[in-house]
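J.: missing the sequence, but the structure's below:
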């Protein structure tokens with residue numbers, strides 16, 4: 001199978017599922033070593049990245065002729081993680097309804113405001129409903145760019161309340177957002193996406 005060029009919103013998880021593989025089969029293939037070293041996680045790829053998809057292998061199982069046999073196909077769900085905050089404090093023990101590609105899950109946030117749910121590996125979008133329907137948050141899965149990219153830094157800053165735009169460039173608005181974030185986190189206020197700032201962004205907004 002040819003090399004697959006990653007499109008907007010795709011991850012190794014969704015690409016593997018679309019091609020009938022578990023994500024580990026694709027992500028851990030020897031021909032994807034360079035991609036693993038560059039991106040670190042299969043869940044955040046960048047548009048234009050290239051990932052190798054291996055050919056499928058035929059598996060045979062013995063069974064007596066003239067009899068009926070039942071086979072169970074195993075699946076590995078993806079993990080959805082989201083922390084809800086209000087003025088910097090966790091929204092703990094709050095009821096929610098998570099709708100991912102039509103699959104509804106009801107639950108409560110934990111003591112730190114986290115929602116952690118298994119979802120289909122090929123999921124693309126959904127809605128998080130809070131306060132009995134008074135608050136609805138659209139969910140886009142796979143749209144978060146890697147932290148190594150400027151666009152990934154901008155997305156995290158904006159999601160955390162520091163509007164940085166979406167130019168993909170380290171422009172004035174991004175530098176201003178970086179300074180605000182750095183000051184709020186007690187980091188050196190450089191306005192640059194240095195290693196310490198990227199690490200803190202990734203810690204808060206993985």
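T.: Great, that's in hand. Worth saying up front: this structure is predicted, and the values here are computed from it rather than measured.
J.: could you check how far residue 112 is from residue 141?
T.: Taking Cβ to Cβ, to the nearest Å as the measure, residue 112 and residue 141 are separated by 22 Å. C-beta: built from backbone N, CA, C; applies to glycine.
J.: actually residue 99, not the one I typed
T.: With Cβ to Cβ as the criterion, residue 99 and residue 141 are 12 Å apart.
J.: do residue 128 as well
T.: Here residue 128 is placed at a distance of 12 Å from residue 141 (Cβ to Cβ).
J.: give me the more crowded residue out of those two.
T.: The residue with the greater number of neighbours, taking residue 128 and residue 141 and applying other Cβ atoms under 10 Å, is residue 141; the counts read 21 against 18.
J.: residues contacting that one?
T.: Neighbour list for residue 141: 9, 14, 80, 100, 119, 123-126 [criterion: Cβ atoms under 8 Å, 6 or more residues apart in numbering].
J.: can you say which of these are buried?
T.: Neighbour-count burial within the contacts of residue 141 applies to 14, 80, 100, 119, 123, 126; the criterion is 16 or more other Cβ atoms under 10 Å.
J.: domains of this structure?
T.: Domain assignment for the chain by automatic domain parsing gives 3-52, 78-140, 150-204.
J.: quick check: mean pLDDT across the shortest one?
T.: Yep, that's domain 3-52 we're talking about. The predicted model gives domain 3-52 an average pLDDT of 91.
J.: got it, and the longest one?
T.: Regarding domain 78-140, the rounded mean pLDDT is 88.
J.: would you map the helices across this protein?
T.: Taking DSSP state H, the helices of the chain run over residues 12-18, 23-27, 33-39, 150-159, 172-184, 195-204.
J.: dump those to a markdown table, plus distance to residue 87.
T.: Rendered in a markdown table, the data for the helices of the chain read as follows (distance: least, Cβ to Cβ, whole Å):
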| stretch | distance to residue 87 |
| --- | --- |
| helix 12-18 | 33 |
| helix 23-27 | 36 |
| helix 33-39 | 33 |
| helix 150-159 | 16 |
| helix 172-184 | 12 |
| helix 195-204 | 15 |
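J.: tell me which of these is the most buried.
T.: Here the criterion is mean neighbour count by mean count of other Cβ atoms under 10 Å, and of those the winner is helix 12-18, at a mean of 23.
J.: that one packs against which elements?
T.: In this structure, helix 12-18 packs against helix 23-27, with contacts taken as 3 or more Cβ pairs under 8 Å, 6 or more residues apart in numbering; DSSP states H and E.
J.: give me the contact list for the helix it packs on.
T.: Outside of helix 23-27, the residues within contact range by Cβ under 8 Å, 6+ apart are 12-13, 15-17, 19, 32, 36, 42, 51-54, 76, 78, 121.
J.: if you set the cut-off to 6 Å instead, what comes out?
T.: Contacts with helix 23-27, where a contact means Cβ atoms under 6 Å, 6 or more residues apart in numbering, come from 12-13, 16, 42.
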